[in-house]
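In: dropping a prediction and its sequence here:
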Amino acid sequence: MKFYKKFFAIIAFCLFTSSSIFANTDIKEDLEYLKPKEKHKIGIGGGFIYKPTYKGSSSIRTVWFPMITYRYNDPENDYFKSFNLMGPFASLNVYDSKLLSFDIIGQYDFGRQKGDDNSLETLQDIDPHFNIGFDAAYKLPYDLSIDFGYETGVSDPGKEVALKYALTHTKYLWVNFSQPLINKASFSMNYANSDFMDEWFSTPSTTKYSRYKAKSGFYSNKISNMTIIPSGETLSFFVNIEYERLRGNAASSPLVKDQGSKHQYLFMFSLVFELWNF
């Protein structure tokens, strides 16, 4: 508990001081000279995700996927500046200024099936599905931002809800190609409502598990780093690394405590060839 008090105290201090810093300092525009002639880019590629078999699992599975990418970027606009579709992820930037940004996000969730692991034989399947939500950011000095994220299922919006509170560092670095290297590192605390927790972490009374009802609350801390690396005029790599530690009701679930692990790792790698730009 002391850790979270310190974390929120740091955030409060940054919010208090950043307003005066922005008022008295000329902020360098990282994207001021990133004005490509072509705003639209279409590519093809593929990659893999090395991820836990299910939330709280101690086993890992590798998912291979092909993908079509579409990127729109207009750094001169504050509204609808960019759109990105890359594999199972999509994001639309609705507003972006020196101080605030707001993005609509979507992603594909692979769900959980009995055949994934022997420990799931007595549990209900969670069908693969799409999630949608938003990410709002308050920008701080030194390329930092405080982010708030909201995510829910597309098929039944508002029922299962996950929230993210994060401190993020985003950096754009020029290389000798037509696109920048982008690195985004983040530390987040994640909260979920009772429907989300019940689906992923509750267990019925069976030969394998005791009855357990997961309640709403902060269920994990996560550290992640995402990098987009250009390698020539038409080739780029996407690398995402995550470590998540389950806590609270999630860590106490028999599915995690008896069969799985509080420590969750994810690695995603893909490459994209640009086919057209206009």
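Out: Yes, it's here.

In: so, low pLDDT: which residues of the stretch 51-200 of the chain?
Out: For the stretch 51-200 of the chain, residues meeting the criterion pLDDT under 70 lie at 176-178.

In: so what's the residue in the chain sticking out farthest from the centre up against?
Out: Using C-alpha atoms, centre = their mean, the residue of the chain lying farthest from its centre is residue 207. It sits 35.8 Å away. Residues near residue 207 by C-beta atoms under 8 Å, 6 or more residues apart in numbering: residue 122. Any C-beta I mention is one placed from the backbone N, CA and C, and that applies to glycine too.

In: correct me if wrong, but it is in a strand.
Out: No: checked against DSSP: H, G, I helix; E, B strand; the rest coil, residue 207 lies outside a strand; its state is coil.

In: if I look at it, how far off is residue 103?
Out: Counting by C-beta to C-beta, to the nearest Å, the separation of residue 207 from residue 103 is 46 Å.

In: with residue 221 instead?
Out: Residue 221 is 22 Å from residue 103, by C-beta to C-beta.

In: report the central residue of this structure.
Out: By C-alpha atoms, centre = their mean, the chain has its centre lying nearest to residue 224, at 8.1 Å.

In: just so I have it, where are all the helices in the stretch 151-278 of the chain?
Out: 194-201, 248-252, 254-257 (DSSP state H, counting those that start in this stretch).

In: just the stretch 1-150 of the chain next, same as before
Out: 2-24.

In: hmm, back to that, higher neighbour count, residue 221 and residue 103?
Out: residue 103 (21 against 17; other C-beta atoms under 10 Å).

In: contacting residues for that one?
Out: Going by C-beta under 8 Å, 6+ apart, residue 103 touches 91-94, 134-136.

In: for residue 196, same thing?
Out: By C-beta under 8 Å, 6+ apart, the neighbours of residue 196 are 160-162, 216.

In: could I get the residues you listed as a markdown table with distance to residue 230 and neighbour count?
Out: Shown next, in a markdown table, are the contacts of residue 196 (distance: C-beta to C-beta, whole Å; neighbours: other C-beta atoms under 10 Å):
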| residue | distance to residue 230 | neighbour count |
| --- | --- | --- |
| 160 | 37 | 21 |
| 161 | 36 | 18 |
| 162 | 32 | 20 |
| 216 | 42 | 16 |
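
In: tell me where this protein has strands.
Out: Taking DSSP state E to define them, one finds strands in the chain at 40-52, 60-73, 79-86, 89-96, 100-109, 129-139, 144-153, 161-173, 181-192, 217-230, 235-246, 263-277.

In: can I get the ones you listed in CSV including distance to residue 121?
Out: Below are these laid out as CSV (distance: least, C-beta to C-beta, whole Å):
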stretch, distance to residue 121
strand 40-52, 18
strand 60-73, 17
strand 79-86, 35
strand 89-96, 31
strand 100-109, 21
strand 129-139, 22
strand 144-153, 25
strand 161-173, 26
strand 181-192, 25
strand 217-230, 24
strand 235-246, 22
strand 263-277, 21
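
In: so residue 45 versus residue 66, what's the distance?
Out: From residue 45 to residue 66 the distance is 8 Å (C-beta to C-beta).

In: more neighbours: which of the two?
Out: With neighbours defined as other C-beta under 10 Å, residue 45 and residue 66 compare such that residue 45 has more, 20 against 10.

In: who touches residue 57 in this structure?
Out: With C-beta under 8 Å, 6+ apart, residue 57 has these contacts: 117, 260-261, 264.

In: do residue 136 as well
Out: 100-103, 147-149.

In: same check, this time on residue 199
Out: Contacts of residue 199 (C-beta under 8 Å, 6+ apart): 126, 160.

In: that one and residue 87, how far apart?
Out: 24 Å.

In: just give the number of residues close to residue 95.
Out: Around residue 95 there are 14 residues (other C-beta under 10 Å).

In: could you dump the helices of the stretch 151-278 of the chain to a markdown table with distance to residue 175?
Out: Below are those laid out as a markdown table (distance: least, C-beta to C-beta, whole Å):
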| stretch | distance to residue 175 |
| --- | --- |
| helix 194-201 | 40 |
| helix 248-252 | 40 |
| helix 254-257 | 42 |
